[in-house]
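Novice: predicted model and sequence below, questions to follow.
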Amino acid sequence: MLSGFVLAAYSIIANDVIQTLGTFLSSNHKTPWWVLWIFAAVILAGVLLTGWIWNGGDAAYGRLTAIPLPEKFEWWHVAPPLLLLFLTRLGLPVSTTFLILSVFSTSEVMLLIVRKSLLGYLVAFGSALLAYGLLASGIERRFLSEENRSPRMWTVLQWISTGFLWSQWLIQDLANIFVYVPRQQKAWELAGAILLLISLLAILFWQRGGKIQKIVLTKTNTTDIRSATIIDFIYGLVLLFFKELSHLPMSTTWVFVGLLAGREIALTVRNRVRPGREVVPLILSDLAKVTVGLVSSVLLVYFIHALQ
């Protein structure tokens, strides 16, 4: 149980966190890493403590009510985070929700999670397409033509949007880590979890995101603090919508990739930021990478059932 929790925490921090904090890191590359880390760590501790208090000791915000704790842990329960670590080393932004929760959930529950995640991709894609196609195309055109300046107003807005997004992401994805522990945690267990997570977060910030950061850097103008602010705000709103829609977990990775895909298409059509023939392969490449997580989880479950 403990080993599964630690492995899940390490693999999820290495793979999933960058989809939330990637634009924050890239647009604040001149700021010392430890300053950015303290900001993220304070929010992480606050979200965990708030969820623990409001939900009667459940730091996962009730996302695991349909996924009970196994009566006995087997070796295959730690197989998903190990596979996730391997895929992270390859730089693949796979869905930890599909990969980890698949070995704990019934087929009916996993089908509902997959449906919610695919809907999340479509909603994020459509939201970004609408926002950047109708509202923000003129703003982004100005960002692209101007020198990358960071006035105080945009810096404050970007840190606010990042804090909002980071909190919404944590509420969704904490279930992928806390699935390995009892649904109600004692105070000392919560303190240990917070210490572990902020330590792993420090490693990620020190490495400036690692290989997964490339999926952010390959997109248009994501190092501009003003563009990063808009991306984070839209992403956070989509996660907030799905948080209120149901308590069922979902893949935030699919939401993230859908958001970047819709944005890239809108900027290509409206602002001609890159040749149109390059957009489709870029989007399909990202979609193929996250599909690896879904396919891997299905194959892993079948493999485990075959061994059983």
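Specialist: Thanks, I have the structure now.
Novice: so where's the stretch 51-200 of the chain shaky on pLDDT?
Specialist: Across the stretch 51-200 of the chain, the ranges flagged by pLDDT under 70 are 88, 91-93, 135-151.
Novice: just the buried positions in stretch 19-37, please.
Specialist: 19-28, 33, 36-37 (16 or more other Cβ atoms under 10 Å). Every C-beta, even on glycine, is put in place using the N, C-alpha and C of the backbone.
Novice: adding secondary structure and pLDDT, write those out as CSV.
Specialist: Below are the buried residues of stretch 19-37 laid out as CSV (DSSP: H, G, I helix; E, B strand; the rest coil; pLDDT from 0 to 100):
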residue, secondary structure, pLDDT
19, helix, 71
20, helix, 80
21, helix, 82
22, helix, 76
23, helix, 73
24, helix, 81
25, helix, 80
26, helix, 75
27, helix, 73
28, coil, 79
33, helix, 90
36, helix, 92
37, helix, 94
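Novice: of the residues you listed, which pair is most distant in space?
Specialist: The most widely separated members of the buried residues of stretch 19-37, counting by Cβ to Cβ, are 19 and 33 (18.3 Å).
Novice: which residues of this structure fall in helices?
Specialist: 2-15, 17-27, 33-54, 79-89, 96-101, 107-130, 137-145, 152-173, 175-178, 187-206, 214-217, 225-245, 252-271, 276-307 (DSSP state H).
Novice: by contact count, what packs against the second one?
Specialist: Yep, that's helix 17-27 we're talking about. Under the contact criterion of 3 or more Cβ pairs under 8 Å, 6 or more residues apart in numbering; DSSP states H and E, helix 17-27 touches helix 33-54, helix 152-173, helix 187-206, helix 214-217, helix 225-245, helix 252-271.
Novice: which elements pack onto the third one?
Specialist: Other helices and strands packing on helix 187-206, by 3+ Cβ pairs under 8 Å, 6+ apart, are helix 2-15, helix 17-27, helix 33-54, helix 175-178.
Novice: relative to residue 60, which of those helices is closest?
Specialist: Here helix 175-178 is closest among the helices and strands packed on helix 187-206 (Cβ to Cβ), at 4.1 Å.
Novice: residues in contact with that closest one?
Specialist: 5, 8-9, 12, 16, 59-61, 63-64, 67, 96-97, 100-101, 185, 193, 197, 249 (Cβ atoms under 8 Å, 6 or more residues apart in numbering).
Novice: please apply the same query to stretch 106-113.
Specialist: Applying Cβ under 8 Å, 6+ apart, the external contacts of stretch 106-113 come out as 66, 67, 97, 98, 101, 102, 105, 248, 249, 250, 251.
Novice: can I get the helices of the chain in TSV with distance to residue 71?
Specialist: Compiled in TSV, the helices of the chain are given as follows (distance: least, Cβ to Cβ, whole Å):
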stretch	distance to residue 71
helix 2-15	15
helix 17-27	31
helix 33-54	24
helix 79-89	18
helix 96-101	18
helix 107-130	17
helix 137-145	53
helix 152-173	25
helix 175-178	17
helix 187-206	19
helix 214-217	39
helix 225-245	30
helix 252-271	29
helix 276-307	16
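Novice: determine which stretch of those is the most buried.
Specialist: Of all the helices of the chain, helix 96-101 carries the top mean neighbour count, a mean of 29, counting by mean count of other Cβ atoms under 10 Å.
Novice: just the CA trace of it, in CSV.
Specialist: Only the C-alpha atoms of helix 96-101 are listed here, as CSV (Å, rounded to 0.1, in the frame of the first residue of the first chain):
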residue,chain,number,x,y,z
THR,A,96,-2.4,8.5,-15.3
THR,A,97,-6.1,8.3,-14.6
PHE,A,98,-6.6,5.5,-17.1
LEU,A,99,-3.3,3.8,-16.2
ILE,A,100,-3.6,3.7,-12.4
LEU,A,101,-7.3,3.6,-11.7
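Novice: how distant is it from the center of its chain?
Specialist: Relative to the chain's own centre, helix 96-101 is displaced by 12 Å; criterion: Cα atoms, centre = their mean, to the nearest Å.
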